[in-house]
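*Asks:* Could you look at this predicted model? Sequence included:
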Amino acid sequence: MMKFKITEVVVTFLSRLYCNTSLIMVVLCKANCGNKGVLKRPKTSDVLCKECFFKAFELEIHETITRNKLFKSGQRVAIAASGGKDSTVLAHVMKVLNERYSYNLKLILLSIDEGITGYRDDSLETVKQNRDDYQMELKILSYEELYGWTMDRIVEQIGRSNNCTFCGVFRRQALDRGAKMLEVDCVATGHNADDIAETVLMNILRGDIARLRRCTDICTSGGEDSIPRVKPLKYTYEKEIVMYAHFKKLVYFSTECIFAPNAYRGHARAFLKDLEKVRPSVIMDIIHSGEQMRFKDTIKKQIRGICQTCGFVSSCQPCKACILLEGLNRGLPKLGIGKKSKGDRMKAQQDLEKLHRVKNDF
Amino acid sequence: MCSVAEADFGDEGGKHTMLKDVALNAIEDENCKKCNVDKCVIKLDFKEAMCLSCFLYYVRHKFRATLGSSKILNRQSDVLFDFKGTAADVCLLHMIKFAFEEETYKRLSFKLKLVFVDENCTATTNTEDALRNRMTKIQEIKDILQQFPSFTCCYSTIADKIFDDISIISREKVLALIESEKEFSSVYHSIDTLSSKQDFMEIMRKNALRDTAHHLNCSYIFLSDISVDLAKKLISNIALGRGSSVSNDVGFLDDRISCIKIIRPLKDLNQHEVDSYVQFNNLKFCSFSNFSSNDNVASIQNLTSNFINQLQKNCYNSTVSTVYKCSNKIASNNETISCQNNTINSKMARSYITDMNQRCLLCKSILDYHHSETLYAIEFSRCVSGQIAANIEGMENLERIRESSENAKNSIENNRNKFLCHGCRNIFPETNQENFIF
Ligand SMILES: [Zn+2]
Ligand SMILES: [Zn+2]
Ligand SMILES: [Zn+2]
Ligand SMILES: [Zn+2]
């Protein structure tokens, strides 16, 4: 069975990790704890023992949370859980920190089931494992129950060229819906430093100033009615997340989505990895740059309001999810993909045809 | 799953950057649609095929529009042109010459001086080679300038303050320069990565240009950057941590020092337009501009350049125009340095800036570390490894780590870093070049 195939990146990374380990056996942990160093932190190149690495890793996240005031005592917090390494580590660390520093938070796992056979069923098993390990409540919301469509059926309709658009738009809203159902105060997502740096680059490549403006924010909220999203792993390197999960022996699911991964994002990711090889600090440097940039006032700010059809956060009317859904239900799946004017024409055309059909019946 | 940052990124992939029909730039044997007089000679992306005179009118108009819309120059303005002899340089110079010779009502008029800034001092340590390379280069520039006899060009170097006319530069003079540039060259060679070296040279070139402009009483500097240069520079400068000054680095106007403004009048032209302009006018230019062509070595700048070229070539062929349009939307977060008593002479300007206490000594942009959570996080990571010790418990320890992180971010104990922006700190992570910078 190929289900639990670990991606190549992880394998090569871990093998390199062990090579390093054998070389630095004699070095003492930099924290002066007296133990031998067993690993080299990708982020700072410091040699640490396992215990000190855990502590450093966790303390950094704690510092991010407290300095940026991500949570308040007594809050209900949903952790967006996909079963992947980022959300698994996030759930684990949140539980540890909540207890160690008495955050007094009620943590709940929130998962979205897109309905992708052979991918999501397996990763949901991992999430259920997390639920049992961490003793947290788990809520699974499916596209099927929210929208009446699974990704499998959507792909049947539209083919594989635009499926990531549907999946992304629906998941974004599904998290909002789930958060509302669970009555949580905020949603914590597993976006790490690499993800954010990559997104800065992507938004420049797409010329998307509105998203460029907000993609480095550690906390995003759409306005009064919406539930804020926070990124406690904003300053955590992907490599360290893999390392932490590995040494803590955390169970996570690690395959790419079986539907064609986004080729363009793939280019940006490969580019970022190349940059990181020549300058490891590039990830933080890009985030810093993203935060420092200012934009001309003439560039209109996207006002994020509420979709009048479904009542969830959106910057357009109706929201993208509603448009895509209407397209699927009308049998015009391309509706939300192109320009709005084109979509309107397609709808008008279909309405006209329907009218004719009705007339002909008589 | 295509899991990443959905809320921050509409997952439509790279579709937006693909042209509908990968424009067949073939020209059919037909009359120009604009004038209906001449046969077409060129087909630009997103445009109909054009005849020669319509094309020349079109690109010259683009240049005039970019320059004119800013209303920044007037008849009395003294402008210094950073001339390296590239195709874009020659194109810009030819356009300026043409604009100077137009009929009165549309004539462009300001005073133009050229400077060739020699960067050769970093290329080789062998004096014989260095001398030969530099004399060859000087001759090459002189040959190109013969096409423009009405302009004078002065010779300057990135390391030294010399402002002689290029026509009178002798072997002896160059030999003396090579000797005097040893300090600069040793600083350059002490920088440990190519990314930092390239970044350093870029900044020092700007500083040398400002020095020359000051010496020649010019209050404007022209650079010939075109859209592809700016697209690449936007991305590489973001990767270098220079987000706070990027609008000055890629925009039409760099006014971080208000009495010497850097202007990019060719920013709206693309490579195809420049190459065609130079070709149609039979203009001679240097095919390579860099002495040290390290193009094959990995650096942030070279990787970025390759990345953009690859995307552009492989079916995402509006990458450059998308990224470059993005650069037009970035605003400057600088208040400019005003130049009281004309203190742009760099040593004086440096001390002046030091008083202001908030400018980077090297690149002159506003210091960007004071309120940055990200830079704090970087320092926190560094401090935590040394002080974490798993067997020590308690908040007291955390407070200590916090304090040292905050101090490191603000460089309380590092006199040099205190006056450098984050990007410039990255150039000299370990080396001790205080004397040079101050
Ligand atoms: Zn230790
Ligand atoms: Zn809606
Ligand atoms: Zn014509
Ligand atoms: Zn600087």
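*Replies:* Now that the structure is in, tell me what you want to look at. Bear in mind that the values here come from a model prediction, so they are computed numbers and not experimental data. Numbers count the residues shown, from 1 in each chain, chains lettered A, B, ... in the order given. Ligands and ions are numbered 1, 2, ... in the order given.

*Asks:* Please name the residues that touch B:M50.
*Replies:* B:M50 is in contact with B:32-34, B:40-44, B:58, counting by Cβ atoms under 8 Å, 6 or more residues apart in numbering or on different chains. All C-beta atoms are positioned from the backbone trio N, CA, C, and that covers glycine.

*Asks:* Residues of chain A that sit close to ligand 2?
*Replies:* Within reach of ligand 2 by Cβ under 5 Å from the ion, chain A has these residues: A:307, A:309-310, A:318-319, A:322.

*Asks:* ok, of the contacts of B:M50, which one's closest to chain A?
*Replies:* B:L44 (20.2 Å; Cβ to the nearest Cβ).

*Asks:* quick one, phi/psi of that closest one?
*Replies:* Note on B:L44: its backbone torsions stand at phi -90, psi 150 [degrees, to the nearest 10].

*Asks:* For ligand 4, see how far away it is.
*Replies:* 38 Å (Cβ to the ion, to the nearest Å).

*Asks:* For the contacts of B:M50, which ChimeraX command selects only the ones that are buried?
*Replies:* A single ChimeraX command selects the buried members of the contacts of B:M50 (16 or more other Cβ atoms under 10 Å in any protein chain shown):
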select /B:32,34,40,41,42,43,44,58
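
*Asks:* Tell me the one among the contacts of B:M50 nearest to B:V274.
*Replies:* B:L44 (11.6 Å; Cβ to Cβ).

*Asks:* Next up, the contacts around A:V127.
*Replies:* A:81-83, A:109, A:111, A:138, A:140.

*Asks:* Look up phi and psi at it.
*Replies:* phi -60, psi -40.

*Asks:* and the gap between it and A:D285?
*Replies:* Separation of A:V127 from A:D285 (Cβ to Cβ, to the nearest Å) stands at 34 Å.

*Asks:* So among the residues of chain A next to ligand 2, which ones count as buried?
*Replies:* Applying 16+ other Cβ under 10 Å to the residues of chain A next to ligand 2 flags A:307, A:310, A:319, A:322 as buried.

*Asks:* List the contacts of the first one.
*Replies:* Counting by Cβ under 8 Å, 6+ apart, A:C307 touches A:313-314, A:317-319, A:321-322.

*Asks:* And it, its phi and psi?
*Replies:* The phi/psi pair for A:C307 (degrees, to the nearest 10) is phi -70, psi 130.

*Asks:* hang on, the earlier thing: now render the contacts of A:C307 as TSV, adding secondary structure, distance to B:R400 and pLDDT.
*Replies:* As requested, the contacts of A:C307 are exported to TSV (DSSP: H, G, I helix; E, B strand; the rest coil; distance: Cβ to Cβ, whole Å; pLDDT from 0 to 100):
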residue	secondary structure	distance to B:R400	pLDDT
A:V313	strand	42	77
A:S314	strand	46	77
A:Q317	coil	53	80
A:P318	coil	54	82
A:C319	coil	48	81
A:A321	helix	49	84
A:C322	helix	53	85
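
*Asks:* Let me know the closest of those to ligand 3.
*Replies:* A:Q317 (45.3 Å; Cβ to the ion).

*Asks:* what residues are up against that closest one?
*Replies:* A:Q317 neighbours (Cβ under 8 Å, 6+ apart): A:305, A:307-308.

*Asks:* A:Q75 too?
*Replies:* Contacts for A:Q75 (Cβ under 8 Å, 6+ apart) come out as A:105-106, A:184-186.

*Asks:* helix or strand for the residue in the stretch 51-200 of chain B positioned nearest to ligand 4, which one?
*Replies:* The minimum distance from the stretch 51-200 of chain B to ligand 4, using Cβ to the ion, falls at B:D199 (9.5 Å). Taking DSSP states H and E as the criterion, B:D199 maps to helix B:194-215.

*Asks:* Could I get the full set of strands for the stretch 1-150 of chain B?
*Replies:* Assigned by DSSP state E, counting those that start in this stretch, the strands in the stretch 1-150 of chain B fall at B:78-82, B:111-118.

*Asks:* Just checking: what are the partner strands of the shortest one?
*Replies:* Okay, so that is strand B:78-82. strand B:111-118 (parallel), strand B:220-222 (parallel) (DSSP bridges).

*Asks:* I'd like the average pLDDT over the last one.
*Replies:* It refers to strand B:220-222. The average of the pLDDT scores along strand B:220-222 is 96.

*Asks:* just the longest one next, same as before
*Replies:* The predicted model gives strand B:111-118 an average pLDDT of 94.

*Asks:* Taking helix B:194-215 as reference, get the angle to that strand.
*Replies:* Angle, strand B:111-118 to helix B:194-215, by axes from the mean of the first three to the mean of the last three Cα atoms, to 10 degrees: 140 degrees.
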